[in-house]
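1. Output the structure for:
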Amino acid sequence: MLKRHARAACTALAAAGLLLAAAGGATAGPAPETAAPAASAATTLRTAEAPSELLAALQRDLGLTPTQAKARLAHEAEAGATAARLRDRLGAAFAGAWVDGADSATLTVATTRAADTAAIRAAGARAAVVTRTLADLDAAKAVLDRAADAGTPVRYADPRTNRLVVEETRAGAAARLLAATGTDAALVTVVRTAEAPRPLYDLRGGDAYYMNGSGRCSVGFPVTKGTVNGFATAGHCGRAGTTTTGFNQVAQGSFQASVFPGNDMAWVAANAQWTATPYVKGSGGANVQVTGSVLQPVGSSVCRSGSTTGWHCGTVQQHNTSVTYPEGTISGVTRTTVCAEPGDSGGSYISGSQAQGVTSGGSGNCSSGGTTFFQPLNPILSAYGLTLKTTGSGPGPGPGDPEPGGTWKAGTVYATGASVTYGGATYRCLQGHQAQTGWEPPAVPALWQRV
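-> Residues are numbered from 1 along each chain as shown. Below you'll find the model as predicted:
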């Protein structure tokens, strides 16, 4: 959340316990007269309904007080919406955004134009003027990705330093990569690492499933495709046709599609004995509800459920990271500080009640700490035409089903910048998400801006 909104948000939390009514920011144009008052981002993303198990994990893993844990989820929802609106306004000059502080009360937005600072501050964020746009950094990273090998396993753009970061496992590996690609060394920070990321196999217990009666992985997020129930998971867990049995060794289903390397995505169609539920297994086996799939900004809190190490939390470090595993390179994953160990692959990453992605791989462990990467969920939903199972609504229409009011359709995955029509007006998508009933564009300025 933004600095100027923080006091109001905390006051509302203290007065109403779990209810937050912080403003989500003005829309670009008036909503239709018949529309209900627009909900704030925190209300839209249901941060006030965060279960006690999630709040307890945030307190344990991030060293937060109960009040900070509640406020952090609300602030991150508001910050994501504000950063999205500013990214749309800044256009090509946008250079990244991130949140800071124990309760994520400070949002910083970077730009390459000094003239943008007034608009950024007017929105309640801190302004940072830098020399390189985020698009410039991503383009330079793409050049490195094409030539990288196991000696430089991780590459990402760091908006806080306005530089690329290249991790190397061998001295001189990064320098050789920069020389081979003609990349200016002044653009890059080299970090020496003793461990290389690897896919995380061999899950045990909890929400584990077995592939072809041998290896194990973990259910990511339950989904539907028409009348078929199933779940999204990691692509390295199986190929199309691989059969699965559940944690109870009962026949479960089979992989319908899988991509790895390149990406790390797959989905499994289950048989009639299995029903998709809108929950992630939390601490002690408690259900953590899933209400949507809005990707959260850098610096936000995120928690992971895996059947080897259970429920752990950390923060989002970078989006659009590239990782080179022994099996090949995957791109577009998100780097986090959440620990994981072999056996946690395919499991769920969730921020508040918003599904983020499925565990791909990492390094380190949950005793000394580590780094993990998740494959974002929205590209999986979009690629395979899946509908995320969420609480608070029925099955709803699937992707492509008709919806009144224009081109907007429930069940469709919208990427940032996508345009739709609804009720005679045009809207631009601010944050990638899967549309659902109740999230029509006029009602959710955190997700849509009228143009």
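
2. Can you list the strands that the lengthiest strand in the chain pairs with?
-> Assignment by DSSP state E gives strand 310-325 as the longest strand of the chain. When sheet partners are counted by DSSP bridges, strand 310-325 sits next to strand 154-158 (antiparallel), strand 301-306 (antiparallel), strand 328-336 (antiparallel).

3. What about the residue nearest to Leu137 when sequence neighbours are not counted, how many residues nearby?
-> Leaving aside its sequence neighbours, Leu137 sits nearest to Ala157 (Cβ to Cβ, 6 or more residues apart in numbering; 3.7 Å). Where C-beta positions appear, they are placed from N, C-alpha and C, glycine not excepted. Neighbour count of Ala157, defined by other Cβ atoms under 10 Å: 25.

4. residues in contact with Ala150?
-> 169, 196, 324, 326 (Cβ atoms under 8 Å, 6 or more residues apart in numbering).

5. Just among these, which is most surrounded?
-> Highest neighbour count within those, by other Cβ under 10 Å: Thr324, with 22 neighbours.

6. who are the neighbours in contact with that one?
-> Counted by Cβ under 8 Å, 6+ apart, Thr324 has contacts 148-150, 152-154.

7. Of the residues you listed, just the buried ones, ChimeraX syntax please.
-> To isolate in ChimeraX the members of the contacts of Thr324 that are buried, counting by 16 or more other Cβ atoms under 10 Å, one can use:
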select :148,152,153,154
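
8. For the contacts of Thr324, point out the one with the lowest pLDDT.
-> Within those, Ala150 has the lowest pLDDT, namely 89.

9. Any figure for the gap between that one and Arg60?
-> From Ala150 over to Arg60 the distance is 34 Å, taken as Cβ to Cβ, to the nearest Å.

10. again with Ser353
-> To Arg60, Ser353 is 19 Å away according to Cβ to Cβ.

11. where along the stretch 301-450 of the chain do the helices fall?
-> Applying DSSP state H, counting those that start in this stretch to the stretch 301-450 of the chain gives helices spanning 377-384.

12. low-confidence ranges in it?
-> Along the stretch 301-450 of the chain, segments meeting pLDDT under 70 span 392-405.

13. swap the cut-off to 90 and go again
-> Applying pLDDT under 90 to the stretch 301-450 of the chain picks out residues 306-310, 341-344, 364, 368-370, 391-405.

14. I figured Thr65 hits Gln59, correct?
-> Yes: Thr65 is in contact with Gln59 according to Cβ atoms under 8 Å; the separation is 7.0 Å.

15. any idea of the mean pLDDT for the longest helix seen in the chain?
-> Once the chain is assigned using DSSP state H, the helix that runs over the most residues is helix 66-90. Mean pLDDT, computed over helix 66-90, is 96.

16. That one: how far from the chain's middle?
-> Relative to its chain's centre, helix 66-90 lies at 14 Å (Cα atoms, centre = their mean, to the nearest Å).

17. so whatever helix or strand comes next after it versus strand 310-325, what angle?
-> For helix 66-90, the succeeding helix or strand toward the C-terminus, using DSSP states H and E, is strand 94-100. Angle, strand 94-100 to strand 310-325, by axes from the mean of the first three to the mean of the last three Cα atoms, to 10 degrees: 150 degrees.

18. Could you pull out the strands in the stretch 151-300 of the chain for me?
-> Along the stretch 151-300 of the chain, the stretches classed as strands by DSSP state E, counting those that start in this stretch are 154-158, 163-168, 188-192, 198-199, 208-211, 216-218, 221-225, 228-233, 243-245, 251-259, 265-270, 279-281, 287-289.

19. contact partners of the last one?
-> Taking Cβ under 8 Å, 6+ apart as the criterion, the residues outside strand 287-289 that touch it are 46, 49, 51, 53-54, 277-282, 303, 305, 350, 353, 391.

20. Indicate each strand paired with that strand and its parallel or antiparallel sense.
-> Strand 287-289 is paired, per DSSP bridges, with strand 279-281 (antiparallel).

21. Can you tell me what sits against the partner strand?
-> 206-207, 221-222, 287-290, 305, 311, 348, 350, 355, 391.

22. 7 Å instead, please
-> With contacts defined as Cβ atoms under 7 Å, 6 or more residues apart in numbering, strand 279-281 is touched by 206-207, 287-290, 305, 348, 350.

23. which one of the residues you listed sits closest to Lys409?
-> Val290 (20.3 Å; Cβ to Cβ).

24. about what we covered before: farthest pair in the contacts of strand 279-281?
-> Farthest-apart pair in the contacts of strand 279-281 is Gly206 and Gln289; separation 17.6 Å (Cβ to Cβ).

25. rewinding a little: can you list the contacts of Ala150 in JSON lines and add distance to Thr133?
-> Formatted as JSON lines, these follow (distance: Cβ to Cβ, whole Å):
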{"residue": "Thr169", "distance to Thr133": "30"}
{"residue": "Ala196", "distance to Thr133": "30"}
{"residue": "Thr324", "distance to Thr133": "25"}
{"residue": "Pro326", "distance to Thr133": "33"}
